[in-house]
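Enquirer: predicted model and sequence below, questions to follow.
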Amino acid sequence: MKHRDKHVFVVDDDKSVRTSLATLLESDGYSVDSFESAAAFLIHAPNVGPACLVLDVRLPGLDGFALQRQLAEKGRMEQIVFITGYGDIPMGVKAMKHGAIDFLPKPFEDEALLNAVAQAIARSFDSWRNREEVTEIRSRIATLTPREFEVFRLVIAGLLNKQIAAELGAALRTIKTHRGRVMHKLGVQSVADLVRLAQKAGVSPELSGP
Amino acid sequence: MVFAVDTPEPIKSTLALNGEWGHLPPLQAVDENLWETYHIFIILVVGAVLLQTGLIAGLILERLSRRKAEASLLQSEERMSLIAERVNLGMEVWDTAKDEIWITEKGRALLGIDRDARVDSATIVARIHPDDRAAREASIKHAIETHGEYSTEYRVILPDGTIRWIGARGRSMNSGNGKATRLLGVSVDVTAQKNAQDRLRLVVEGSPNGIVLINNRGRIELVNTEAEMLFGYWREELIGQPVEILVPERFREAYSLHRAKFIVAPKPRTLGAGRELFGRRKDGSEFPVEIGISPIQGEKGILILAAVVDISARKQAEAESRLYREELAHLARIEIVAEMATALAHELNQPLSGIMNNASAGRRFIAKGRADMPKLDRLLEAVIMDARRAGEIIRGIRDMVRKGEGVRTTVDLNHIITEVVHFVRSDALERHCDILTELDPKLPAVSANPVLVQQVLLNIVINAFDAMRQTPSAERRVIIRSERQSDGKASISVRDFGTGLPAENPERIFEPFFSTKRDGLGMGLSIARSIISSHGGELSATNAEGGGTLVHFSLPPVEDSAG
């Protein structure tokens, strides 16, 4: 997938705001797609990767907050910068609580908008990269045999080889072999790396019985 | 008994002389002197015999006549009792000496006494409600003492416990020896009548209206409890008094006239509808009333039945609801202004955003050396379009506001002052502040938008309140004065006893966004001044002599501004 690392979506029902925003963003080197409603955005920009969405709060039909909620439910990665002509503090708090990057009352200084957009894109990439990494780790974990997975979970629980052998009723040598294969398949050098990787992938340690 | 009389002394002595002594006077002489000697004795004997006979005859005659009289009395009693039975009257005859009471069957039935039982006064008293015994007793006693009549009412408790009202009348029959021996009485069941009276009394007493019955001389005949409560008098203090004591002095004359007219042409009607009527309490205080009057034909001429209702509560409720409506209207106006301001802000924010964005973008292109002329021209064109749009929004709002100003009517500023005073009354109370008005009755009418002028005055008065926060509450007062100026304009001034104007540059208070209040927007006086000048008037403020501020505005009279 080609990363459009300087792409911004604009959703505002006011044409002059919409086009002037596009021009401003283009002047800073972004490519821009603008839409006059939330529905139009959902139709024309399905499942984009990391990106920034500059979103007006008051929109005909689906409003800015409703769109924010929908995108979150779909697990989409656009980071949102809200703009509004009616800004008040409770509204801003609400937007930020739901993960918006910024909440800018119109008219705003160009610097304020461009900073927010840059931050949004950076964060969107971070989360995208994070998600890519998790996907990649999980695919590696998927290559483990059931026995190797068991050993993996006991190792990250902090058990020594001898204890694992006793736990699984296997020879110490067999456990050592399994452990070596787990490290190799997952591409880590140390137990510490293995624990970090498990955390990222969301694998929990096996808690052995007494 | 007559013959048992002892032989008189002279005869005894004569016999003794003749029998025992021979030398007595000759017999002839004796015969000759017998009448002479004994005639007094003979007369006495005959007289005595006659007297005795007469007495006996008299006694026999008297007994006979008495029997006859008794028989005729009994006959007449029986006849009467027969009639009485027919008309449901009980009759009784009481022999006070023997304490024997003869009573008709109906009489027994009324009192719940058995047919054959012997009846004396105790039998009857026992039937009578203990509370009523004394009154009945007194009434009868009085009749006996004066040989007169009695009339009394009492309750009888029947054997089954029910209560019956008896109306009894009677007279004392004089037997001639000065001591009443008989009392003749009739009694009748008046329970139904009593109950009806009770109901009527209950209706009158229980009425939520004060009821006052007035006779044709204007005197109070009857009042109920509610009337006592309303006017603060006890009924004993009112009965017989002229009804004018319930009317405030200033209305008394007019009232008496009305009453006289009413007596001449009595027709039920309601007083107080459409104009204010007041009642006067004992303590002299007054309260608003509504009075319904109806004529009643009494035995001694026309009575006036007046039903009085205290309408203070209603008046107060009306005043409160009026105040509430006004406050609501005021809030609605504020709401509209707030709504307009928000809409205006949003509408203007859009083109302003466009202008900012386009201008910023242009500068960025230039800074990066990527600016070409067609691109910059497009940006500048967009900027102009947005600026034009912003201008149109503002023009539209100004037109809207102007439309509101256009509604001008002939306005009595005194009326507006009264309204504003009424409107801020609760504020004033809360702030322990007096509002005094000095209104010129010759104030010329002005042509103005009453809502806007009211708003101006309201603003000034509220400012006056605010300026007196530090003033001791005894001195906190606002004086609103209206006056016809020598140039013919209507002038209104509002004087407070507060902090006064800022020492340097007092005119600053009229500048937009200047405020001495922590939460003030600073628009009030600036808007007030522009409203007054749009009406062709002037608004100014000066420090008053003796402290405080005097805000003054004047408006031209109707004739001037019409031109």
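Expert: All right, it came through fine. Only a predicted model underlies this, so the values are computations on that prediction, with no experimental measurement involved.
Enquirer: show me what the helix or strand hosting residue A:8 is packed up against.
Expert: Under the criterion DSSP states H and E, the helix or strand holding residue A:8 is strand A:7-11. Packed against strand A:7-11 by the contact rule (3 or more C-beta pairs under 8 Å, 6 or more residues apart in numbering or on different chains; DSSP states H and E) you find helix A:15-27, strand A:31-35, helix A:38-44, strand A:52-56, helix A:110-141. (C-beta placed from N, C-alpha, C; glycine too.)
Enquirer: any chance of the ones you listed in CSV, with mean neighbour count, mean pLDDT and distance to residue B:454 too?
Expert: Supplementary listing: those in CSV, determined by neighbours: other C-beta atoms under 10 Å in any protein chain shown; pLDDT from 0 to 100; distance: least, C-beta to C-beta, whole Å:
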stretch, mean neighbour count, mean pLDDT, distance to residue B:454
helix A:15-27, 23, 92, 41
strand A:31-35, 18, 93, 49
helix A:38-44, 16, 91, 46
strand A:52-56, 27, 94, 40
helix A:110-141, 16, 90, 44
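Enquirer: can you tell me the closest non-neighbouring residue to the residue nearest to the spatial centre of chain A?
Expert: Relative to the mean C-alpha position of chain A, the nearest C-alpha, by C-alpha atoms, centre = their mean, is the one of residue A:127, at 2.9 Å. Spatially, and ignoring its direct neighbours in sequence, residue A:127 is nearest to residue A:77 (5.7 Å; C-beta to C-beta, 6 or more residues apart in numbering or on different chains).
Enquirer: and that neighbour, helix, strand or coil?
Expert: Reducing the assignment at residue A:77 to three states with DSSP: H, G, I helix; E, B strand; the rest coil gives coil.
Enquirer: name all residues that make contact with residue 114.
Expert: Went with chain A since none was named. Applying C-beta atoms under 8 Å, 6 or more residues apart in numbering or on different chains, one finds that residue A:114 lies in contact with A:24-25, A:28.
Enquirer: um, chain B though
Expert: Under the criterion of C-beta under 8 Å, 6+ apart, the contact list for residue B:114 reads residue B:108.
Enquirer: ok but it is inside a strand, no?
Expert: No. Counting by three-state DSSP, residue B:114 is not found in a strand; it is coil.
Enquirer: hmm, back to that, can you tell me how far the residue nearest to the centre of chain A sits from residue A:100?
Expert: 14 Å (C-beta to C-beta, to the nearest Å).
Enquirer: just give me how far stretch A:75-82 sits from the chain centre.
Expert: Taking C-alpha atoms, centre = their mean, to the nearest Å, one finds stretch A:75-82 lying 10 Å from the centre of the chain it belongs to.
Enquirer: same deal with stretch B:494-513?
Expert: Once both centres are worked out by C-alpha atoms, centre = their mean, stretch B:494-513 turns out to sit 53 Å from its chain's centre.
Enquirer: contact partners of it?
Expert: For stretch B:494-513, contacts defined as C-beta under 8 Å, 6+ apart pick out B:457, B:460-461, B:463-471, B:475-481, B:514, B:516, B:521-523, B:525-526, B:529, B:539, B:541-544, B:547-552.
Enquirer: which ones among those map onto helices?
Expert: Members of the contacts of stretch B:494-513 lying in helices (criterion: DSSP state H): B:457, B:460-461, B:463-467, B:525-526, B:529.
Enquirer: buried only: go through those residues for me.
Expert: Of the members of the ones in helices among the contacts of stretch B:494-513, the ones counted as buried by neighbours, 16 or more other C-beta atoms under 10 Å in any protein chain shown, are B:457, B:460-461, B:463-465, B:467, B:525-526, B:529.
Enquirer: around chain B, pick out the residues from chain A.
Expert: Taking C-beta under 8 Å from any C-beta of the partner chain as the test, the list of chain A residues beside chain B reads A:14, A:16-17, A:19-21, A:23-24, A:26-28, A:83, A:85-86, A:105-110.
Enquirer: the longest helix in chain B is where?
Expert: In chain B, taking DSSP H as the definition, the longest helix is helix B:27-86.
Enquirer: next, the angle helix B:27-86 makes with the helix or strand just after it.
Expert: Where DSSP H and E defines the elements, the next helix or strand beyond helix B:27-86 is strand B:90-95. Comparing the axes of strand B:90-95 and helix B:27-86 via axes from the mean of the first three to the mean of the last three C-alpha atoms, to 10 degrees yields an angle of 150 degrees.
Enquirer: name the helices or strands packed onto strand B:90-95?
Expert: Where contact means 3+ C-beta pairs under 8 Å, 6+ apart, strand B:90-95 is packed against helix B:27-86, strand B:100-103, helix B:105-111, strand B:180-189.
Enquirer: what angle separates the lowest-mean-pLDDT helix or strand in chain A from strand A:52-56?
Expert: Of all the helices and strands that make up chain A, helix A:89-97 has the lowest average by mean pLDDT, DSSP states H and E, namely a mean of 85. Relative orientation of helix A:89-97 with respect to strand A:52-56: 160 degrees, computed using the same axes, to 10 degrees.
Enquirer: residues in contact with helix A:89-97?
Expert: In this structure, residues lying in contact with helix A:89-97 by C-beta under 8 Å, 6+ apart are A:57, A:64-65, A:68, A:80, A:82, A:84, A:103.
Enquirer: what distance separates that helix from the centre of its chain?
Expert: Mean-position distance between helix A:89-97 and its chain equals 21 Å (C-alpha atoms, centre = their mean).
Enquirer: quick check: buried residues in that helix?
Expert: Taking 16+ other C-beta under 10 Å as the basis for neighbour counts, the residues of helix A:89-97 that come out buried are A:91-92, A:95.
Enquirer: how about stretch B:383-392?
Expert: By neighbour count, and taking 16+ other C-beta under 10 Å as the criterion, the buried residues in stretch B:383-392 are B:383, B:386, B:389-390.
Enquirer: with pLDDT and distance to residue A:169 added, can I get those residues in JSON lines?
Expert: Shown next, in JSON lines, are the buried residues of stretch B:383-392 (pLDDT from 0 to 100; distance: C-beta to C-beta, whole Å):
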{"residue": "B:383", "pLDDT": "93", "distance to residue A:169": "80"}
{"residue": "B:386", "pLDDT": "91", "distance to residue A:169": "79"}
{"residue": "B:389", "pLDDT": "86", "distance to residue A:169": "81"}
{"residue": "B:390", "pLDDT": "88", "distance to residue A:169": "82"}
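Enquirer: now, those that are in helices?
Expert: B:383, B:386, B:389-390.
Enquirer: which residue does the stretch 1-150 of chain B bring closest to chain A?
Expert: residue B:131 (76.7 Å; C-beta to the nearest C-beta).
Enquirer: give the contact list for that residue.
Expert: Under the criterion of C-beta under 8 Å, 6+ apart, the contact list for residue B:131 reads residue B:155.
Enquirer: tell me the secondary structure for it?
Expert: Each residue gets one of three states, and residue B:131 gets helix by three-state DSSP.
Enquirer: now residue A:157: how far from residue A:35?
Expert: Taking C-beta to C-beta as the measure, residue A:157 and residue A:35 are separated by 50 Å.
Enquirer: break the chain into its domains for me.
Expert: All of this refers to chain A. Domain segmentation of chain A under automatic domain parsing yields A:7-133, A:143-201.
Enquirer: that was the other one, I meant chain B.
Expert: Chain B breaks down into these domains under automatic domain parsing: B:2-64, B:87-195, B:209-310, B:315-405, B:409-562.
Enquirer: show me which residues of the stretch 301-450 of chain B are close to chain A?
Expert: Residues of the stretch 301-450 of chain B lying near chain A by C-beta under 8 Å from any C-beta: B:342, B:345-346, B:349-358, B:360-362, B:364-365, B:368, B:370, B:379, B:382, B:385-386, B:389.
Enquirer: hmm, try it at 7 Å
Expert: Proximity of the stretch 301-450 of chain B to chain A is confined to B:342, B:346, B:349-354, B:356-358, B:360-361, B:364-365, B:379, B:382, B:385-386 under the rule C-beta under 7 Å from any C-beta of the partner chain.
Enquirer: leaving out sequence neighbours, find the closest residue to the residue sitting furthest away from the middle of chain A.
Expert: In terms of distance from the mean C-alpha position of chain A, residue A:171 ranks first, at 42.6 Å (C-alpha atoms, centre = their mean). Beyond its immediate neighbours in the sequence, the residue positioned closest to residue A:171 (C-beta to C-beta, 6+ apart) is residue A:165, lying 6.4 Å away.
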